[in-house]
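S.K.: Next one to model:
(one chain, ligands or ions: 2)
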Amino acid sequence: MKVIVTGGAGFIGGNFIHYMLENYKDYEICCFDFLTYAGNVETLAPIKDNKNFSLVVGDIADRDAVYSLFEEQKPDVVVNFAAESHVDRSILDPGIFLRTNVIGTGVLLDACRKYGIDRFHQVSTDEVYGDLPIDRPDLFFTETTPLHASSPYSASKASADLLVQAYYRTYNLPVTLSRCSNNYGPYHFPEKMIPLMIQRAKNNQSLPVYGDGSNVRDWLYVKDHCEAIDLILHKGKVGEVYNVGGHNERSNIEVVKQILRHLGKDESLIEYVADRPGHDRRYAIDPTKITTELGWTPKTGFDEGIAQTINWYLDNEDWTDHILSGDYQRYYEENYKNRAQINK
Ligand code: NAD
Ligand code: DAU
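M.R.: Ligands and ions are numbered 1, 2, ... in the order given. Sure, this is the predicted structure:
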């Protein structure tokens, strides 16, 4: 079996490649990644000498590059993780999100039609459903919740989902989609909340909490997401969407305080800053379909997963240090410069 994993030098794609090579010794995995600021070859360093692994650098929105890839690799399966994935960056500059997330997905779908594949899997997100009220803990996103995206990022992911479903209906392309909640774990880029807070708390820097910190996310350890995609690829029904989430809802401030406690740091590091425009209040996944139809359940609870994650960052400082370069500093200044501290 030949699998192309797009975006495999990123956080979840990288974890997925590690997981697949460990669990399927006879599968060949080709990572196709443009190595943007979010792609990091060091994430792939532990498997770079595996004979079943290869890396091709290229852009999913570049039709010629993608068609050459398919001609050379002749994949059976394509799993599309490649995306611009950070909501705050999409607020600062939406254009690249449309190019990569929408046009790029369209080019991959065209290549799948042209060359033929057994499965195209689109890694999507719960953010396509918009948000839920904080005071209605009885409400969850199901696969039939209407798409109602809030940010340029989630709108681009929702557009890609619609394209994937259109290629299934119109051309009978064998597709599946997963919509997962917030992931955390090793190799997570430190612009996202959990690794950003770990990194800054470790260095006794202020922790910028948006708004009043009451927004809720439904956290899932990244390996549980990888297992869910594995199950969908092998047992999922073509044309179907599967929601993935482990009922691990936490407010942002709870998560930040838990990180501070684990690191033995003081809560005075917390700085409430101006809110994210259009900030989604609460995400919460109903995973009944993937649980009952495919037998998926998450294995790592939040307390265990966050401790493992913090320890991973403490043990892998080189990985983070190489990322925190000039470009990262420029982004940090840009995103946080107009967010004056709000005293609570
Ligand atoms: P990430 O930003 O860490 O990684 C994205 C990867 O895609 C990087 O390696 C980058 O180099 C690559 N890439 C970007 N543009 C590309 C292009 N034009 N061509 C080829 N490669 C390109 O993202 P992530 O957090 O690992 O998310 C992966 C996927 O999972 C995304 O599609 C995202 O929407 C989805 N998702 C993420 C989460 C989460 O919590 N992080 C949750 C649910 C779904
Ligand atoms: O739900 C899945 C989504 O989760 C994925 O589709 C996205 O790719 C992924 O980035 C993530 O989106 P979020 O916007 O939820 O993640 P982020 O880590 O950026 O923010 C988590 C919460 O923390 C959110 O409510 C905003 C808040 N936050 C974030 C940052 C970066 C802060 O309070 N301060 C910060 O500095």
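S.K.: bridging residues for Arg217?
M.R.: For Arg217, the beta-bridge partners under DSSP bridges are Arg250.
S.K.: Hmm, Leu163 is touching Gly104, no?
M.R.: No - contact status for Leu163 versus Gly104: not in contact, 10.4 Å apart, counting by CB atoms under 8 Å. C-beta coordinates here come from the backbone N, C-alpha and C atoms, glycine included.
S.K.: Comparing those two, which shows the higher neighbour count?
M.R.: Taking other CB atoms under 10 Å, Leu163 and Gly104 do not tie; Gly104 has more neighbours (25 against 18).
S.K.: Look at Gln122 and tell me its secondary structure.
M.R.: The assignment at Gln122 comes out as strand when based on DSSP: H, G, I helix; E, B strand; the rest coil.
S.K.: So which bits of the stretch 51-200 of the chain are right by ligand 1?
M.R.: Residues of the stretch 51-200 of the chain found near ligand 1 (CB under 6 Å from any ligand atom) are 59-61, 81-85, 100, 104, 123, 125, 157, 180, 182-183, 189.
S.K.: ok, which stretches of the chain are strands?
M.R.: Remark: strands assigned in the chain by DSSP state E are 2-6, 28-33, 53-57, 77-80, 119-125, 175-180, 183-184, 207-210, 216-218, 220-221, 241-244, 249-251, 270-273.
S.K.: Check which helices and strands the fifth one sits against.
M.R.: With contacts defined as 3 or more CB pairs under 8 Å, 6 or more residues apart in numbering; DSSP states H and E, the packing partners of strand 119-125 are strand 77-80, helix 105-115, helix 152-171, strand 175-180, helix 222-235.
S.K.: got the angle for that strand vs helix 222-235?
M.R.: Orientation check (axes from the mean of the first three to the mean of the last three CA atoms, to 10 degrees): strand 119-125 against helix 222-235 gives 150 degrees.
S.K.: residues of strand 119-125 that come out buried?
M.R.: 119-125 (16 or more other CB atoms under 10 Å).
S.K.: Throw the strands of the chain into TSV and include mean pLDDT and distance to ligand 2, thanks.
M.R.: Shown next, in TSV, are those (pLDDT from 0 to 100; distance: least, CB to the nearest ligand atom, whole Å):
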stretch	mean pLDDT	distance to ligand 2
strand 2-6	99	15
strand 28-33	98	16
strand 53-57	98	22
strand 77-80	99	14
strand 119-125	99	3
strand 175-180	99	7
strand 183-184	98	7
strand 207-210	98	4
strand 216-218	98	5
strand 220-221	98	9
strand 241-244	99	10
strand 249-251	98	9
strand 270-273	98	7
